[in-house]
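A.B. asks: my questions are about this predicted structure, shown below with the sequence.
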Amino acid sequence: MRDRRKKRLMLCIICVCAAALMPMIAALSCYAEDYPDISKIDSNLYYPDNQQFFRRPGTGFVLISSNASSTRTALLDSDGNLDYGSVRGPTVIKFVYEAACLSGNYLYLAGMSPSAANCAVIGRLDLSDGKCIVNNILSVSCDFSRNFSADAQGRVTLVTVPYGEQLDAGTPASSFLFDGANNNGNISPEPPGPDSSSPSSEAPDSSAPESGVPDPGSSSSSPSDQIPADLPSVMENYDFPGPVTLEALQGEMAEVNPDQSLRVFTADKKEIKGGNIGTGQTIVTMQGGKTAGAYIAVIPGDLDGSGTVTDYDCRLLYEYFIQTGAGDTPSLSGPYLEAAKISDESGADRSGRSLQTGDLLKIKKLIK
């Protein structure tokens with residue numbers, strides 16, 4: 001009789017424990033991400049190392065991976081197949097990612113440049129179209145293992161110190177404002193915010209950039225960043241043989257005509273200070289503080305003005321053919337249309353011909 005009571009007591013205890021554990025088990029099973037099976041995904045969509053999935057807003061996934069020198073990203077649908085409604089293929093980014101984080105419709109990647117010493121790189125991948133913009137942070141050492149994040153305003157935190165300084169576990173993260181307008185542009189740490197305990201923080205400072213009210217007694221450098229007012233009313237396109245950086249062009253200018261300098265402006269009249277020159281940007285030669293000449297850049301295969309040739313440029317041309325075939329207004333025009341006309345030598349074709357489907361294949365060959 002006593003043994004039977006013990007058995008009943010043990011059975012009750014087991015039932016109570018099981019009832020208590022069931023919600024926990026259910027919660028844990030719901031928490032686990034149901035990512036696609038990597039073995040069932042097309043191997044052409046990823047590299048062999050550092051494979052990682054993230055969920056895209058709405059539906060589907062993004063798969064990132066790396067090899068010895070590059071990162072490959074692929075936008076996938078909910079079944080783990082390439083999302084052809086968004087991209088035509090994977091995107092290759094020319095650095096190995098060490099950290100990644102999601103922010104809204106963007107995936108931010110961080111790593112070191114394979115070509116420039118002590119240069120950190122942050123890439124922002126658009127999860128709707130696969131387009132990636134890259135920013136550089138020059139002359140730094142980084143700790144990618146902690147505090148890498150991004151917010152909806154494009155502020156990125158990353159643990160960095162100037163190259164040569166001590167980097168340890170107590171080093172705080174720096175804040176950077178990502179520049180989504182200039183591919184391969186350079187960014188610097190933002191200055192720390194004012195101490196809330198200081199008396200000056202009790203009232204707004206009229207000289208602060210946020211106020212929008214300039215201090216009449218202070219000098220401002222903003223007019224020097226504005227596009228010159230004496231530009232010619234009509235500017236010709238200039239066809240470059242391939243991708244070119246502002247630094248390389250300035251170096252050539254210094255050899256040919258040391259009395260002149262170069263300034264480059266985006267299509268929305270913002271000056272770029274370095275990095276790749278993109279199709280549609282205005283290149284101004286200056287001499288004696290005045291405009292000596294100006295022209296519009298055309299980079300073969302660069303249809304989006306990023307200064308590089310990517311899968312996204314192929315998609316733009318593909319959409320152009322669909323639009324013209326349906327009688328719709330095409331999205332490509334001006335220098336961007338000229339950049340899509342590729343010669344047999346992979347340069348700009350200035351023969352005056354119309355776009356052909358063969359240009360799509362030629363642009364694909366320009367992707368590196």
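C.D. replies: Happy to help now that I have it.
A.B. asks: pretty sure K362 belongs to a helix, no?
C.D. replies: Yes: under the criterion used here (DSSP: H, G, I helix; E, B strand; the rest coil), K362 sits inside a helix.
A.B. asks: now it. Nearest residue, chain neighbours left out?
C.D. replies: With sequence-adjacent residues excluded and distances taken as CB to CB, 6 or more residues apart in numbering, K362 is closest to I342, at 3.8 Å. For the C-beta atoms, the positions are set from N, CA and C on the backbone; glycine is no exception.
A.B. asks: same check, this time on P90
C.D. replies: Setting aside the residues directly before and after it, P90 is nearest to A74 in space (CB to CB, 6+ apart), at 4.2 Å.
A.B. asks: re earlier: distance of the residue nearest to K362 relative to S70?
C.D. replies: For I342, the distance to S70 equals 24 Å [CB to CB, to the nearest Å].
A.B. asks: could you give the bridge partners of the residue nearest to P90?
C.D. replies: A74 has the following beta-bridge partners by DSSP bridges: L63.
A.B. asks: what about it, how many neighbours?
C.D. replies: Residue crowding around A74 was assessed by other CB atoms under 10 Å; the count is 23.
A.B. asks: L246: what's it in contact with?
C.D. replies: Listed by CB atoms under 8 Å, 6 or more residues apart in numbering, the contact set of L246 reads 262, 264, 272-277.
A.B. asks: by mean pLDDT, which helix or strand of the protein comes out lowest?
C.D. replies: Of all the helices and strands that make up the chain, helix 2-31 has the lowest average by mean pLDDT, DSSP states H and E, namely a mean of 47.
A.B. asks: what's downstream of that one, the next helix or strand?
C.D. replies: Stepping forward along the backbone from helix 2-31, the first helix or strand reached (DSSP states H and E) is strand 49-55.
A.B. asks: isn't D143 up against V159?
C.D. replies: Yes: D143 lies in contact with V159 (CB atoms under 8 Å); the separation is 4.1 Å.
A.B. asks: mutual contacts of the two, please.
C.D. replies: Going by CB under 8 Å, 6+ apart, residues that sit against D143 and also against V159 are 167, 171.
A.B. asks: which one's more surrounded, those two?
C.D. replies: V159 (21 against 18).
A.B. asks: model confidence for the more buried one, exactly?
C.D. replies: Model confidence at V159, given as pLDDT, is 92.
A.B. asks: quick one: what helix or strand has it in it?
C.D. replies: strand 155-162.
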